[in-house]
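# build me a model:
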Amino acid sequence: MAIYMNVYEFLVVGDSDLLIHKVQGEWYVKNPKIIPYAQYVQKLCRRFHKIEFRHTPRIQNELADDLTTISLMIKHPDTDYIDPLDIELKEHPVHCSHVEGEPDGLPWYFDIKKFLESGTYLEDATSNQMK
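Down below sits the predicted model:
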């Protein structure tokens, strides 16, 4: 798409340390499956006046990690086109939106904190709760 749009300067951000260092010529790749991919990327690089590769560890790229997880959960039809995903960014982490108040008015971690402080379980604690 960048070539089609006549982009001349390009920043590539990726989470594959191996591929980024291979394309930059810093690492040698032995895996025969990766070599053609890296060669093709190197060929594409010649189409740009300036291209920079930046490695972003997966742990710092939560969106890519989430999209990977989603892609594993969705069955794609056998077509060349897949409907785009609408991604809505929330102001707060989504788990904050789903925490319900406890009926006794105490925080959810109250029993755990009490156990850590005293080493004893509540009288009516089930074996599952003790785990």
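# contact partners of stretch 111-127?
For stretch 111-127, the external contacting residues (C-beta atoms under 8 Å, 6 or more residues apart in numbering) are 129-130. Backbone N, C-alpha and C define where each C-beta goes, glycine included.
# please redo it, this time with the cut-off set to 7 Å
Here stretch 111-127 makes contact (C-beta atoms under 7 Å, 6 or more residues apart in numbering) with residue 130.
# distance across it, terminal residue to terminal residue?
In stretch 111-127, first residue to last residue: 14 Å (C-alpha to C-alpha, to the nearest Å).
# repeat for stretch 10-30
In stretch 10-30, first residue to last residue: 27 Å (C-alpha to C-alpha).
# list the buried residues for it?
Across stretch 10-30, burial judged by 16 or more other C-beta atoms under 10 Å covers 10, 12, 14-15, 19-23, 29.
# domains of the protein?
Per automatic domain parsing, the structural domains of the chain span 9-59, 102-130.
# can I get these in JSON lines including distance to residue 91?
Supplementary listing: those in JSON lines, determined by distance: least, C-beta to C-beta, whole Å:
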{"stretch": "domain 9-59", "distance to residue 91": "23"}
{"stretch": "domain 102-130", "distance to residue 91": "22"}
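# using TSV, please lay out the ones you listed together with mean pLDDT and distance to residue 87.
TSV is the format used below for those (pLDDT from 0 to 100; distance: least, C-beta to C-beta, whole Å):
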stretch	mean pLDDT	distance to residue 87
domain 9-59	83	17
domain 102-130	79	29
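# please identify the most buried of those domains.
Between these, the one whose residues have the most neighbours on average, counting mean count of other C-beta atoms under 10 Å, is domain 9-59 (a mean of 13).
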